[in-house]
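Visitor: the sequence isn't on hand, but the structure is:
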């Protein structure tokens, strides 16, 4: 019932913007440029390497997106030695939407929002011990209306 | 399900200690059932839930025709609730030409409606609720939502008439869907001012989009006749998709299975011996959800308006059993679920779905007086006659009902459009041949907070995309990808649909006046109920109301149906 946190966030926004700067430097460091530029799933995996299916990755996405422009995605990995997490949206113009470095000793858990252009599977790809693992879930993007 | 499978199901039920009092009460001798036969529901056990859902603000008794088309695909094929007419009666061993057949099916609707009279009405429902309460001390009355929307007076009072009536009825706990179309502020105002201390509004699956904070209480613990019980609420998971999201800014919904399991585990740990989910998921989602959770004894559900005569027994992920019940709509039914709990364990259970026949249940005087007071300021307007109908007008069914056909005809004619769309709502009451169509009757089809009509130019390709999109919301093999509405109602356009085909490939042979629809050509398409914010347009009730007034008499309306292909022996289709 906390409807005032958004107001607080606005105040905090300015401070946060300042502290974001070092993160951008880090992002440039992790960014897999070639995979980011790939225009289909095949191209992304050709660049990252092939991934095997794993049930040790928990991927949470909405079954039906409330707003395709900001689809919440949560990934956590129970695979030991998880060092990177990638998020792929299969039918987006550039499927690779995000890449995260997971420093040793930190919880392999990320939560973000991605744009999903149309109904398609979303993939979570995990790098651990030099190998790649993946899982996926379909998120539906619909026009809306007409319900119930 | 064929007869043998059903017999096997009965057998399993018997072995598990489930009795079927329902079959006795509805046997052939009850064809001319009296209130005594139908409503003789002796107390069973020590934990009791009454359940109503999707009343859609129908304070007065109504006619409501159940669907003749309610197709189930894939795992849902020929399973409840996707059985219509005689197939439904056969599956439950219920007699043709009986009161219960009329309550559950469309069969001989005009004649049966004339014979058995109207259904529902809060004054009649109140009498039944009082009777059940008297025999079951401590029982709780649960409402599954879609309570505050669907009538003229609920729209004009911003839900206040229904809030007052539901407090008088003694609803203890509710969840929501169309309630949210009154806007987040109004919902909160009602919960904080009117419901406080009377009705608990529960929804475990509504959160703040940015932070994940709960907007509503997720559950409540009650002690009933010495047994601790927990009720968890589940609002309609796709509210901001099926209805305008601008009504609930910053709120996110969804099924939220994992959080739900955590809540079940928590209340179990706190000692709950019976755990019930009060759900607005829709029957197919409820059945799937039940199979994926553990520790849940029953889902009492609504949204898809299915009147399912018996509880569906679902094997859950913990290896136990979860019952799924759905209690119809429009105040037409009251579900009664009894558990016998001994030494902390459920020993037996009984479920009955009681039809509310207004002629058999005398109006409760207090509720009748309240309803009169609530309606008095609006009576003249409500009773204004717009036209007379020569045929049956109804809405429910997977494709166009005759009332929707009337609406799309009115839209096309008034807007000079070649094609019209009307949403696949499942609410909307029925009118018999010869009935007057009053303002109240029209509002029963269109009373929403986003009533604007629209006129758009769409390409043939766009029209196909829209039909495919809605068809997938109805026929996706996975219930979690369904939204629980019926197919968009279409005026002007003929098409073929294959419900079993893959997403994007269900619609074919679209034509307009015998000519194939061209992908790149633009067509004038009228519609209403836009989900986008800020759309302007004459409200639908003015467009259809003026059209009806100009006609004075509406001849029998034949609802246009698509050609349905790819289904074999589907019992959801006559």
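Guide: Looks like it arrived, so ask away. What you are looking at is a predicted structure, and each value in this text was computed from that prediction instead of being measured.
Visitor: can I take it that residue A:83 is in a helix?
Guide: No. Residue state for residue A:83 (DSSP: H, G, I helix; E, B strand; the rest coil) corresponds to strand; a helix is not indicated.
Visitor: doesn't residue A:90 make contact with residue A:123?
Guide: Yes. Taking Cβ atoms under 8 Å as the definition, residue A:123 is a contact partner of residue A:90 at 6.9 Å. Just so you know, the C-beta spots here come from the backbone N, C-alpha and C atoms, and that holds for glycine as well.
Visitor: so what's in contact with the two at the same time?
Guide: Residues touching both residue A:123 and residue A:90 (Cβ atoms under 8 Å, 6 or more residues apart in numbering or on different chains) are A:41, A:136.
Visitor: who's more crowded, these two?
Guide: residue A:123 (24 against 19; other Cβ atoms under 10 Å in any protein chain shown).
Visitor: show me the contacts for that one.
Guide: By Cβ under 8 Å, 6+ apart, the contact list for residue A:123 reads A:41, A:59, A:86, A:87, A:88, A:89, A:90, A:95, A:134, A:135, A:136.
Visitor: equivalent analysis for residue B:118, please.
Guide: Counting by Cβ under 8 Å, 6+ apart, residue B:118 has contacts B:61, B:62, B:63, B:358, B:359.
Visitor: of the contacts of residue A:123, closest to chain B?
Guide: residue A:59 (11.8 Å; Cβ to the nearest Cβ).
Visitor: what's the first helix or strand after whichever helix or strand the closest one is part of?
Guide: Residue A:59 belongs to strand A:57-60 when elements are defined using DSSP states H and E. The helix or strand immediately downstream of strand A:57-60 is strand A:71-77, counting by DSSP H and E.
Visitor: sheet partners, orientation included, of that following strand?
Guide: Applying DSSP bridges, strand A:71-77 is found paired with strand A:57-60 (antiparallel), strand A:109-114 (antiparallel).
Visitor: looking at the ones you listed, which is nearest to residue B:397?
Guide: Each of the strands paired with strand A:71-77 has some distance to residue B:397 by Cβ to Cβ; the shortest is strand A:57-60, at 35.7 Å.
Visitor: in chain A, where is pLDDT below threshold?
Guide: Along chain A, segments meeting pLDDT under 70 span A:1-30, A:146-148.
Visitor: just to revisit the earlier point, deepest-packed of the strands paired with strand A:71-77, please.
Guide: Mean neighbour counts were compared across the strands paired with strand A:71-77 using mean count of other Cβ atoms under 10 Å in any protein chain shown; the top stretch is strand A:57-60, at a mean of 18.
Visitor: mind checking how far the residue nearest the centre of chain A is from residue A:116?
Guide: Closest residue to the average C-alpha location of chain A: residue A:87 at 3.7 Å, with Cα atoms, centre = their mean. When Cβ to Cβ, to the nearest Å is the yardstick, residue A:87 and residue A:116 sit 11 Å from each other.
Visitor: just the strands in chain A please.
Guide: A:51-53, A:57-60, A:71-77, A:82-89, A:96-101, A:109-114, A:120-128, A:131-139 (DSSP state E).
Visitor: mind listing the strands the shortest one pairs with, and their directions?
Guide: Using DSSP bridges, the neighbouring strands of strand A:51-53 in the sheet come out as strand A:131-139 (parallel).
Visitor: residues contacting residue 51?
Guide: I'll assume chain A. Contact criterion Cβ under 8 Å, 6+ apart gives A:45, A:125, A:126, A:132, A:133, A:134 as the residues in contact with residue A:51.
Visitor: let's do chain B instead
Guide: Each residue near residue B:51 by Cβ under 8 Å, 6+ apart is listed here: B:141, B:142, B:143, B:144, B:278, B:300, B:325, B:327, B:334, B:335, B:336, B:337.
Visitor: quickly list what the last one is bridged to.
Guide: Assessed by DSSP bridges, residue B:337 has beta-bridge partners residue B:49, residue B:351.
Visitor: pretty sure it sits against residue B:300.
Guide: Yes. Under the contact definition of Cβ under 8 Å, residue B:337 touches residue B:300, with a separation of 6.7 Å.
Visitor: between the two, what contacts are shared?
Guide: Among the neighbours of residue B:337, those also in contact with residue B:300 (Cβ under 8 Å, 6+ apart) are B:49, B:51, B:276, B:325.
Visitor: any chance of those in CSV, plus pLDDT?
Guide: Written out in CSV, the entries for those read as follows (pLDDT from 0 to 100):
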residue, pLDDT
B:49, 98
B:51, 98
B:276, 98
B:325, 98
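Visitor: per-domain residue ranges of chain B.
Guide: B:3-371, B:383-564 (automatic domain parsing).
Visitor: and these as CSV, adding distance to residue A:54?
Guide: Formatted as CSV, these follow (distance: least, Cβ to Cβ, whole Å):
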stretch, distance to residue A:54
domain B:3-371, 18
domain B:383-564, 22
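Visitor: residues near the closest residue to residue B:113 other than its chain neighbours, how many?
Guide: Of all residues beyond its chain neighbours, the one nearest residue B:113 is residue B:63 (5.1 Å), with distances taken as Cβ to Cβ, 6 or more residues apart in numbering or on different chains. For residue B:63, the tally of surrounding residues (other Cβ under 10 Å) stands at 24.
Visitor: then residue A:105?
Guide: Quick note: residue A:105 (other Cβ under 10 Å) scores 5 neighbours.
Visitor: residue contacts, it?
Guide: When contacts are counted by Cβ under 8 Å, 6+ apart, residue A:105 touches no other residue.
Visitor: could you measure from it over to chain B?
Guide: Noted for residue A:105: a distance of 26 Å to chain B, by Cβ to the nearest Cβ, to the nearest Å.
Visitor: report pLDDT for residue B:29.
Guide: Reported pLDDT at residue B:29 in the predicted model: 39.
Visitor: what's the answer for residue B:280, then?
Guide: 98.
Visitor: you'd agree it is up against residue B:179?
Guide: No. When contacts are counted by Cβ under 8 Å, residue B:280 is not listed as touching residue B:179 (9.6 Å).
Visitor: would you say residue B:490 is within a helix?
Guide: No. Residue assignment for residue B:490, taken from three-state DSSP, gives strand, which places it outside any helix.
Visitor: ok, it to residue B:529 distance?
Guide: Residue B:490 sits 14 Å away from residue B:529, going by Cβ to Cβ.
Visitor: and these two? which has more neighbours close in?
Guide: For the pair residue B:490 and residue B:529, the greater number of neighbours falls to residue B:490 (26 against 22), based on other Cβ under 10 Å.
Visitor: need the strands paired with strand A:71-77 in JSON lines (columns: distance to residue B:105).
Guide: What follows is these, written out as JSON lines (distance: least, Cβ to Cβ, whole Å):
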{"stretch": "strand A:57-60", "distance to residue B:105": "41"}
{"stretch": "strand A:109-114", "distance to residue B:105": "46"}
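Visitor: between those, which one is nearest to residue B:249?
Guide: Across the strands paired with strand A:71-77 (criterion: Cβ to Cβ), the nearest stretch is strand A:109-114, sitting at 16.2 Å.
Visitor: now the closest one and strand A:82-89, what's the angle there?
Guide: Between the direction of strand A:109-114 and that of strand A:82-89, the angle (axes from the mean of the first three to the mean of the last three Cα atoms, to 10 degrees) works out to 20 degrees.
Visitor: give me the number of residues near the nearest residue to residue A:84 once chain neighbours are set aside?
Guide: Closest residue to residue A:84 in three dimensions, ignoring its sequence neighbours and counting by Cβ to Cβ, 6+ apart: residue A:127, at 3.9 Å. Counted with other Cβ under 10 Å, residues neighbouring residue A:127 total 22.
Visitor: perfect, I'm done here.
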